[in-house]
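Engineer: From the sequence below, what's the structure:
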Amino acid sequence: MFLPTNFRIGVPKSTMGTDGLFTHINEGLASGLPDGKPFLPHDIFEKLWAGDEAKQEIQKQTGFFKKLIKDQNSTLVDFVKKSARKVFAILVRSNLVKKVSNLPKHKFMDNHLPIVVEGTRVTSYNLLADDAALEWFQSWTKHEIAVKELEEDLVTDKAYEVEIDALELARQLQHPHLVSFIAGFERAGKRYMMFQWVDGGNLREFWQNHSWSRNIDIIRWALEQMKGLAEGLEALHHFNPKKNKNCRHGDLKPENIVRSRKSGSFGLLQIADMGLAKIHSLPTVLRPIATTTLAGTIRYQPPEIQTSTSGKRSRSYDIWSMGCILFELIIWLLFGPKGLTEFESSFDNPTQPFFHIYESSSLRPNVNAWKEHLEKICLSDLEMCVSPALKELFNYVCKALLVEDPESDDPGLQMMNSNVDGRQGSISPSIPRVLVQRATIRMRTTSRANITDLKKELHRICSNSSLDYFYRKETEKFNVTWDVLDHEDIASQLQVHPGRTSPRSGARPQLQIADIQNDKKSHWDLYKTNHAFISVVQYALLSDTWEICNDNIFARDFFRNITSKTLDQDFQALEKQNTRLCNHCSNPTSGIFSRCNNAPSYIQRGFPILPKAGSRTQARLFKHWAEDCDKNHSRSCFQVDVPQRAPTRLLDVGDTSLSTIKLDCYPKDRKSSCYVALSHPWGPDESKWFRTTSENIKEFKKFIDFKQLPQNFQDAVTVTRSLGVRYLWIDSLCIIQQGKDGDFGTEKEFMEDYYGGAYCTISASSARGTSSGFLKSRLNVRKSYAFNSGAGPSPEPHKSAFYICDAINDFARDVEESYLSTRGWVFQERALSRRTLHFTEKQVYWECGKGIRCETMTKLFNRKSSFLSDPHFPESAAKYYKGMRIEFFQYIYSKYSGLDFSANHEDDRSVALRGLENRMAKVYNVPAWHGILDGEYLHRSLLWQRDMVKTKSLHEISYEDDKRVPSWSWMAVMGPIRYMDAPFDWMEWNRDIKTPLGSRSAAQTATDFEVPAYNAKPDDNSRSTYDGGEEVDTFEKLKCVIIGWEKTEKATDSKDFYVLLVTPTDPSGSGVDHKRVGVARMTVDEIGSTEFVVKIV
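Structural biologist: Numbering: from 1, shown residues only. Presented below is the predicted three-dimensional model:
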């Protein structure tokens, strides 16, 4: 229990009971909670009530304050001992014992705890008490628990809810091989989960640390435990067959199997960590949408995680994972920790799975080599077979578990074709069709077993009573031949790819793929094709799916802070808004209300219609969003790691609507460093731009008339004041735009600081110009239908507790596809902002590092979109492997390249991304400038090309001479670009290409980009992309600069070269200066043999 830390003051010493409960409570306090507060352990608390001390303390304390008759004291003691022991202990330590006499009167008991006191408001948070769980917890002989702290940056609200649901299911099952879950709770802005204490570590640690020896006891124990785990997993997979409910774990691995020492000689194994579990009510093949939970640990993922085009995952996912675990277990039982270490070393990297893919999935060559080694050496049919039990299990693992899953063989090709342009469940159209077809071919000779099949097989094996069946001791004489198969042994059996470091140098070899069905293609072609497919699928499956969950905890807290009078005033139109249902939905036998007699308890809390724009309710919601983020996300969403430069100028909007507005130009004298920034469209009509110039700045320092401000600016001032913030930054007012004192050239370099340092950013997503405004009426945006919790329409809609409402949550449509998001400057404004209020046509969204909150009281999360939500952009991208970091920067540059600028300001293209590029340079640890990343990303950065789907040509931007952008940068031209599809890991880069970038500073300038070039004569123009959309007239002047080429099996094999196409800037063709005109893939026959040195300018 938690006790207040305040000390008792101002009470006569004779009444303090220093020899009573107070002393014992103080002496029993312990520490160790996440927030550092003291607490009283349960066993010590129970000892306080073992004798008559509590009774005497009650009589003593109440007797001091009020003369009570004996019967009253007796009744009070009984009430406290039965229902309010914790409350009484808190009163003792808080010097409020006189209040104890009123506990029975007000029926205030322990089940009201915990409570929160805020001013005059008291709230009980014990809304979800689980008496069964508490009784079960009380029955334990020892009160030992494990507390799991969740990583707040990695666990979304949806993921937290999913894991709680799965753990609650496991608790209901009460299976000995499923770890015992107690409860989940939040404290000090963090989330925790409580489990019964398991003292033996996990299975991986047991394999590493156990004093291993090959014997019958360890083999029988291991098989019995695997049988138990299969029984536990079966209980999860089929927990409610009558209602067709099923659950998969989703992340089975040795680290998620824990060991309790309290059972048997080696302990009891239990399945733990339900973080990726998912409960379903339909078979996989009947589910209409893809799985939204993340995939489990890559090593134990099944092949369908890459081959399934539908994205659905079944319970069979767990069966493959169990097969991998059993495969490793058998190696450990036979060869011990050394054998398992060598097996792990045979993989190229720690995340490489057990399979590879071509026309069907098959075991990876190193896994297959170990399989053959075990079958030949110690699990053979000969007399040296060490364990017939392990032999039969191993055969079952290889033939029934580590095989293709037909349940994942959905009609994926049709789904892919129909969803190629969809936002959800789509596969990138860049995947070659032939590879898609190969991915959908299945080898149906064997089906993967289900969990019941595995359980029965383990039962059959374990039921054999023959000792020789489990371990044949006479085979020890053959032990001399039981050598561990290390990765060099594997390499000697299989070819190693050319160009790879030899095993002796410390790097593990890339194993050759075995011949598949006597295909005439070389091993190299097969592997290269397979690898390209895997790469494309991996990056195409970066989730662009929106996860949706209710925000009920936030809603409950918010509505506690809103008075009914305020709601009545702001929702006068509610009764008028009640919408009629169609005949089908209102039908009492087949309509909506026939499906549930009572509204479910988990129904979303929120507004049936949205608050009036600019109303007090809406303003309180904005402030509550911000305060909740300040309180619970401060470390991730608003903690500034590096001091930000204070804006040169800010609008001082004052504290109230009556305050004077003026331009504050004195950063050191400001009353606060907190300010809000505005992201807005200026509009096409330059005559309507409201901005600060050299002529009006003196006037603006004194006074700016609120009514003179464009509507966007008026609305921004209103929202800023509602947030309790005094200062507002608007680019057109806080930067001198024109005149001799104009400082846009200087101020543009600090956009990273200005947006990154703002308390939050207001985004006018619904506006098309400065006069549009964004606090607009939304009366007809959302229709709602009121009904009672029983069933059917409510006779008094405004008093009904439940509503059916239009689903209007669509961040992609409302924000990412809005007019504002097409503007070039706005792109980095969103990425650099730590938190953003997006005002759209439909509703307002709050975006921060924890996801997106909707005005409808819903939360959204999208992994792809979250890159731009990252408060520390682009740090989230740095957590991925190199391939994904490449995809990320190409995504950012490609998306920005398609955005618009005003016709007279196209030259802003090279500066409107400067702040964002500064961030990328820091995180990627390479120079970044003009859309080019240096270092290991340089060559891919240079291989940009016109996006032929979106534009027919790129036109050159007219820059002033001192600001001109070189032609090797896509910022020299206007229009959308994409990148050449150079396969990951299978490119050799031309080391003669040296960086054209200078330092990483904002003031960097390009160096001379001198490169070797050759005459170019493309035979196939379909493999060439010209920036201007037209072929170059004179091939005699066309040259190519080789950036890289694909690897081949032999040096004499034909290869594709990835090149830049350049032409001389001098019409006569003389001189070294050339400009880039496109890119191409070329063969050696299309490239001249004479080398030139050219300078791309």
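Engineer: same for whichever helix in the chain runs longest, what does it pack against?
Structural biologist: Scanning the chain for the longest helix, with DSSP state H as the assignment, gives helix 316-345. If you count contacts as 3 or more C-beta pairs under 8 Å, 6 or more residues apart in numbering; DSSP states H and E, helix 316-345 packs onto helix 203-209, helix 216-237, helix 304-307, helix 365-377, helix 388-396, helix 451-462. The way it works is simple: take the backbone N, C-alpha and C, and place the C-beta from them, glycine included.
Engineer: tilt between it and helix 451-462?
Structural biologist: 60 degrees (axes from the mean of the first three to the mean of the last three C-alpha atoms, to 10 degrees).
Engineer: Domain map for this protein?
Structural biologist: For the chain, the TED database gives the domain ranges 20-153+162-168+179-196, 201-407+432-471, 932-960+979-1096.
Engineer: least reliable of those domains going by mean pLDDT?
Structural biologist: Mean pLDDT is lowest for domain 20-153+162-168+179-196 out of the domains of the chain, coming in at a mean of 69.
Engineer: For burial, what's the neighbour tally of residue 633?
Structural biologist: The tally of other residues near residue 633 (other C-beta atoms under 10 Å) stands at 20.
Engineer: That one reaches residue 847, doesn't it?
Structural biologist: No. Between residue 633 and residue 847 there is no contact under C-beta atoms under 8 Å: 11.9 Å.
Engineer: tell me which residues of the longest helix of the chain are tucked away?
Structural biologist: 316-336, 339-343 (16 or more other C-beta atoms under 10 Å).
Engineer: With stretch 658-675 instead?
Structural biologist: Quick answer for stretch 658-675 (16+ other C-beta under 10 Å): 661, 662, 663, 664, 670, 675.
Engineer: In terms of pLDDT, where does the first one sit?
Structural biologist: According to the prediction, residue 661 has pLDDT 93.
Engineer: Phi, psi for it please.
Structural biologist: phi -100, psi 130 (degrees, to the nearest 10).
Engineer: That one: what's it in contact with?
Structural biologist: Counting by C-beta atoms under 8 Å, 6 or more residues apart in numbering, residue 661 makes contact with 651, 652, 653, 654, 703, 704, 705, 706, 709, 717.
Engineer: Which residue comes closest to the third one once chain neighbours are left out?
Structural biologist: Using C-beta to C-beta, 6 or more residues apart in numbering and skipping the chain neighbours, the partner closest in space to residue 653 is residue 717 (4.8 Å).
Engineer: How about the contacts made by the one you found?
Structural biologist: 651, 653, 661, 706, 709, 728.
Engineer: pretty sure the fifth one contacts residue 700?
Structural biologist: This means residue 709. No. With contact defined as C-beta under 8 Å, residue 709 does not reach residue 700; the gap is 11.0 Å.
Engineer: Go through stretch 1079-1097 and flag the buried ones.
Structural biologist: By 16+ other C-beta under 10 Å, the buried positions in stretch 1079-1097 come out as 1079, 1080, 1081, 1082, 1086, 1087, 1094, 1095, 1096, 1097.
Engineer: Please read the previous query as pertaining to stretch 94-113.
Structural biologist: Here stretch 94-113 shows 95, 97, 99, 100, 101, 103, 104, 108, 109, 110, 112, 113 as buried, counting by 16+ other C-beta under 10 Å.
Engineer: Select from these every entry located in helices.
Structural biologist: 103, 104.
Engineer: Export the buried residues of stretch 94-113 as TSV, with columns for distance to residue 233.
Structural biologist: Shown next, in TSV, are these (distance: C-beta to C-beta, whole Å):
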residue	distance to residue 233
95	54
97	53
99	52
100	51
101	55
103	48
104	50
108	46
109	41
110	38
112	40
113	38
